[in-house]
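Asker: Below is the sequence, then the predicted model.
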Amino acid sequence: MTTPPIQWYPGHIAKAEKALKEQLKLVDVVLEVRDTRIPLATHHPQVQEWLGNKARVLVLNRVDAILPQAQQAWERWFRQQGEQPYFTNAQAGKGVAAVAKAAQQTGVELNQRRVSRGMLPRPVRAVVIGFPNVGKSALINRLLNRRVVESAARAGVTRQLRWVRISEQLELLDAPGIIPIKLNNQLAAFKLAICDDIGDAAYDNQRVAIALINLLQQLGETAADFLPHNPLYTRYELDAVTMTAEDYLHALAEKRHKGDVERTARQLLTDFRKGALGAIALEVPPNA
């Protein structure tokens with residue numbers, strides 16, 4: 001049986017993308033927020049095309065959800081690509097001051113150019129973009145030190161584009177989550193679903209839970225220092241080493257939920273998302 005691929009492109013996102021492209025003309029710097037657990041899967045392929053030569057600050061949020069050695073490996077990799085990543089835990093406010101400083105630095109250069117042309121300085125205009133539920137609204141609320149933007153642990157809460165004044169030096173545009181029209185890379189799509197960075201109407205929980213077990217098995221063999229030792233056994237006292245991912249999900253359902261596979265799949269995904277399996281990076285830097 002072939003199940004349909006993961007696809008999710010609600011109407012409000014199509015509308016938001018169109019509005020965002022218009023607003024980008026007014027923006028000086030883009031804060032691109034990605035999920036540190038899956039920094040490649042949460043990179044929108046069209047961001048560079050939209051930005052042109054605008055400045056960009058790369059924010060890798062949820063740094064608390066990965067191990068320090070995984071953070072160091074990603075930091076090295078991004079620097080090798082010529083990028084400076086800023087790691088944040090926006091919920092707790094960690095790393096947010098450095099992001100604000102990086103955005104404002106762009107404004108210093110912008111206003112030097114404006115003054116040299118005989119124009120008045122103005123606040124730097126920044127936009128926060130990224131996939132749904134990667135922590136954009138939490139970042140904005142931390143930048144402001146007050147709750148002005150609705151944020152929720154579900155994809156697609158922000159629907160409107162709006163400007164928010166951060167300080168005398170910085171104005172911010174809060175944009176809804178944007179995702180590519182077509183999710184061509186289905187492994188990346190599974191990672192988005194596992195990390196809850198896409199609407200749950202787009203996928204089948206059991207398929208996604210099996211994909212998570214598969215990933216954990218592969219990482220355990222190829223990148224053991226990116227996750228705690230044997231997280232599935234530690235959590236459920238059931239070893240996945242000798243089983244296929246599908247068999248493991250069914251065995252876990254028998255052990256925990258009287259054979260209810262759907263309930264088990266949901267529980268497994270919730271446990272991963274809430275950190276009950278430990279701090280786990282689902283992606284390893286290429287060539288690491």
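Answerer: Arrived safely. Numbering: from 1, shown residues only.
Asker: Please count neighbours and contacts with C-alpha atoms only from this point.
Answerer: Fine.
Asker: and the nearest residue to Val261 once chain neighbours are set aside, what does it touch?
Answerer: Closest residue in space to Val261, ignoring its immediate chain neighbours: Ala253 at 5.2 Å, by C-alpha to C-alpha, 6 or more residues apart in numbering. Going by C-alpha atoms under 8 Å, 6 or more residues apart in numbering, Ala253 touches Gly259, Asp260, Val261, Arg263, Thr264.
Asker: Mind checking which of the residues you listed land in helices?
Answerer: Counted as lying in helices by DSSP state H, out of the contacts of Ala253, are Val261, Arg263, Thr264.
Asker: got those residues as JSON lines, with neighbour count columns?
Answerer: Converted to JSON lines, the ones in helices among the contacts of Ala253 look like this (neighbours: other C-alpha atoms under 10 Å):
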{"residue": "Val261", "neighbour count": "19"}
{"residue": "Arg263", "neighbour count": "15"}
{"residue": "Thr264", "neighbour count": "24"}
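Asker: Dump stretch 219-227 to PDB, keeping only the CA atoms.
Answerer: This file holds the C-alpha atoms of stretch 219-227, laid out as PDB (Å, rounded to 0.1, in the frame of the first residue of the first chain):
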ATOM      1  CA  LEU A 219      21.700   8.100  14.300                       C
ATOM      2  CA  GLY A 220      22.600   5.600  17.000                       C
ATOM      3  CA  GLU A 221      24.800   3.800  14.500                       C
ATOM      4  CA  THR A 222      26.300   6.800  12.600                       C
ATOM      5  CA  ALA A 223      26.300   9.700  14.900                       C
ATOM      6  CA  ALA A 224      26.000   8.400  18.500                       C
ATOM      7  CA  ASP A 225      27.300  11.600  20.100                       C
ATOM      8  CA  PHE A 226      24.300  13.500  18.700                       C
ATOM      9  CA  LEU A 227      21.800  11.800  21.000                       C
END
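Asker: secondary structure class for the residue of the chain positioned farthest from its centre?
Answerer: Distance from the centre of the chain peaks at Gly118, with 40.7 Å (C-alpha atoms, centre = their mean). State at Gly118, reduced to three classes by DSSP: H, G, I helix; E, B strand; the rest coil: coil.
Asker: can you check Val128 too?
Answerer: Under three-state DSSP, Val128 comes out as strand.
Asker: Spatially nearest residue to it (excluding sequence neighbours)?
Answerer: Per C-alpha to C-alpha, 6+ apart, closest to Val128 is Leu31, 4.7 Å.
Asker: who's the one you found bridged to?
Answerer: Val57, Val128 (DSSP bridges).
Asker: tell me the contacts of it?
Answerer: Counting by C-alpha under 8 Å, 6+ apart, Leu31 has contacts Arg56, Val57, Leu58, Val59, Ala103, Ala126, Val127, Val128, Ile129.
Asker: pretty sure the last one contacts Val30?
Answerer: What that stands for is Ile129. Yes. In this structure, Ile129 is within contact of Val30 by C-alpha atoms under 8 Å, at 7.2 Å.
Asker: which one is Glu254 nearest to, not counting chain neighbours?
Answerer: Here the residue nearest Glu254, using C-alpha to C-alpha, 6+ apart, is Asp260, at 7.2 Å.
Asker: So Glu17 versus Lys136, what's the distance?
Answerer: Glu17 is 16 Å from Lys136, where distance means C-alpha to C-alpha, to the nearest Å.
Asker: Tell me which of these two has more neighbours.
Answerer: Under the criterion of other C-alpha atoms under 10 Å, the comparison of Glu17 against Lys136 puts Lys136 first, with 28 against 18.
Asker: For the stretch 1-150 of the chain, which segments count as helices?
Answerer: In the stretch 1-150 of the chain, the segments counted as helices under DSSP state H, counting those that start in this stretch are 11-24, 47-51, 68-80, 96-116, 136-144.
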